[in-house]
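Chemist: dropping a prediction and its sequence here:
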Amino acid sequence: MDFLKEIVKEIGDEFTQIASDIDETEKFIDTGSYIFNGLVSGSIYGGMSNNKITAIAGESSTGKTFFSIAVVKNFLDSNPDGYCLYFDTEAAITKGLLESRGIDQSRLVVINVVTIEEFRSKALKAVDIYLKKDLSERKPCMFVLDSLGMLSTEKEIKDTLDEKQVRDMTKSQLVKGAFRMLTLKLGQANIPLIVTNHTYDVIGSYVPTKEMGGGSGLKYAASTIIYLSKKKEKDKTEVVGNIIKAKTVKSRLSKENQQVDVRLYYDERGLDRYYGLLELGELGGLWKNVAGRYEMDGKKVYAKEIYKNPEKYFTDDIMNKLDEISKNTFSYGTT
């Protein structure tokens, strides 16, 4: 034992410790949606891991950027001293967009990146600067890369300028290398990273199959991979948001191949915190859905009415029961 303590002392950094001293308390980033929290962590009070990579993937216009911005808004609202570095590859982030989502722009840094090498370099520099600060000075921080699929490589740009019609075969290796360097650094710094990415249909597959672009680098590095699909939600004739179908393709914190519906508004409301809980309660036998109305406390109430005044119906007792149902539904080791 003394020998091990001597090794820890000689190596002398904050990340080396005897296994019995490791803090295994899993910390989460609340996404702003109870049902999505349950999907990715097992508990409606959980969320995305606070020091790992989460991939949000989907076809074009499935709401990946808006979804990420909604999570960022909730992160900043929950951490008044926190901040976010947003690596933008699509020139999608504008002042007007951030204002419409109610985001504190003084705590958000938008970094335009064109190549994988540029993202890797700037992200690593940012993490190193963060780690050089004393623990007391490290405020909550989040990274977003939107999106991986739009990143080029220096070789691809050079070949294009030289008018060479050659496909860059090094891209997937560069992606893998970038995440190989970042994964441990982010874990040490307790910085969560959201990466958005595109999906495509696998040609020749026996059943319809979606796959993420960019090679295997993100698949290996991500702790959680979520595929999104959507349908528009209308208020009379006006489109006010999306009902997004979220499915876990990979997860180290919850069961894979689970699926929920999440409501995402196009304004400062972002992700609807309570949407999806009625279906979760029905799944767990907490109430019944009879002809579009839910039986709660001996009354039959329409879902629209419940979501208009959620605090009235989702009491602390009900929320605790829903959390148990969520753990039984989404957590590993349960049926």
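Modeler: All right, it came through fine.
Chemist: would you list the phi and psi of the nearest residue to D159 once chain neighbours are set aside?
Modeler: With C-beta to C-beta, 6 or more residues apart in numbering as the measure, V166 is the residue that lies nearest to D159, at 5.4 Å, once sequence neighbours are left out. Heads up, the C-betas are built off the backbone N, CA and C, glycines and all. Torsion angles at V166 (phi, psi; degrees, to the nearest 10) stand at phi -120, psi 130.
Chemist: would you mind measuring from V166 to L174?
Modeler: For V166, the distance to L174 equals 16 Å [C-beta to C-beta, to the nearest Å].
Chemist: higher neighbour count, those two?
Modeler: Applying other C-beta atoms under 10 Å to V166 and L174 shows that L174 carries more neighbours, namely 22 against 10.
Chemist: next one: phi and psi at that one?
Modeler: The phi and psi values for L174, taken as degrees, to the nearest 10, are phi -70, psi -40.
Chemist: look up the closest residue to it, ignoring the ones flanking it.
Modeler: Nearest to L174 is I116, by C-beta to C-beta, 6+ apart, at 4.5 Å.
Chemist: check contacts around A70.
Modeler: Neighbour list for A70: 31-32, 101, 264, 270-271 [criterion: C-beta atoms under 8 Å, 6 or more residues apart in numbering].
Chemist: Provide the secondary structure category for it.
Modeler: For A70, the assignment made with DSSP: H, G, I helix; E, B strand; the rest coil gives helix.
Chemist: how many residues are close by I318?
Modeler: Other residues close to I318 by other C-beta under 10 Å number 16.
Chemist: what lies in contact with the helix or strand hosting it?
Modeler: I318 belongs to helix 316-330 when assigned by DSSP states H and E. Residues from elsewhere that reach helix 316-330, judged by C-beta under 8 Å, 6+ apart: 34-35, 38-39, 41-45, 254-255, 258, 277, 280-281, 283-284, 286, 314, 334-335.
Chemist: mind running it again at 6 Å?
Modeler: Helix 316-330 is contacted from outside by 38-39, 42-44, 254-255, 258, 277, 280-281, 284, 286, 334, using C-beta atoms under 6 Å, 6 or more residues apart in numbering.
Chemist: now the buried members of those.
Modeler: Using 16 or more other C-beta atoms under 10 Å as the burial test, those include 38-39, 42-44, 254-255, 258, 277, 280-281, 286 as buried.
Chemist: out of those residues, which are inside helices?
Modeler: Taking DSSP state H, the ones among the buried ones among the contacts of helix 316-330 that sit in helices are 38-39, 277, 280-281.
Chemist: for the stretch 201-335 of the chain, which spans come out with low pLDDT?
Modeler: Along the stretch 201-335 of the chain, the model assigns pLDDT under 70 to residues 204-205, 207-208, 232-240, 333-335.
Chemist: try 90
Modeler: Across the stretch 201-335 of the chain, residues meeting the criterion (pLDDT under 90) sit at 201-216, 230-242, 252-253, 265-269, 290-292, 295-299, 332-335.
Chemist: do the stretch 1-150 of the chain as well
Modeler: Short version for the stretch 1-150 of the chain, where the test is pLDDT under 90: 1-27, 59-63, 135.
Chemist: show me where it has its helices.
Modeler: Along the stretch 1-150 of the chain, counting by DSSP state H, counting those that start in this stretch, helices occupy 2-11, 34-41, 64-78, 95-100, 116-132.
Chemist: picking that back up, the ones in helices among the buried ones among the contacts of helix 316-330 into JSON lines, with extra columns for distance to I306?
Modeler: What follows is those, written out as JSON lines (distance: C-beta to C-beta, whole Å):
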{"residue": "G38", "distance to I306": "18"}
{"residue": "L39", "distance to I306": "20"}
{"residue": "L277", "distance to I306": "9"}
{"residue": "L280", "distance to I306": "13"}
{"residue": "G281", "distance to I306": "10"}
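Chemist: ok, of these, which one's closest to A222?
Modeler: Of all these, L39 has the smallest distance to A222: 14.9 Å, by C-beta to C-beta.
Chemist: of the ones in helices among the buried ones among the contacts of helix 316-330, closest to K300?
Modeler: Closest to K300, out of all of these and judged by C-beta to C-beta, is G281, at 14.4 Å.
Chemist: quick one: residues contacting the closest residue to that closest one other than its chain neighbours.
Modeler: Excluding the flanking residues, the one nearest G281 by C-beta to C-beta, 6+ apart is W287, at 5.4 Å. Contacts for W287 (C-beta under 6 Å, 6+ apart) come out as 281, 294-296.
Chemist: redo that, cut-off 8 Å
Modeler: Listed by C-beta under 8 Å, 6+ apart, the contact set of W287 reads 278, 281, 294-296.
Chemist: before we move on, back to that, am I right that the residue nearest to D159 is in contact with K158?
Modeler: No. In this structure, V166 is not within contact of K158 by C-beta atoms under 8 Å, at 10.5 Å.
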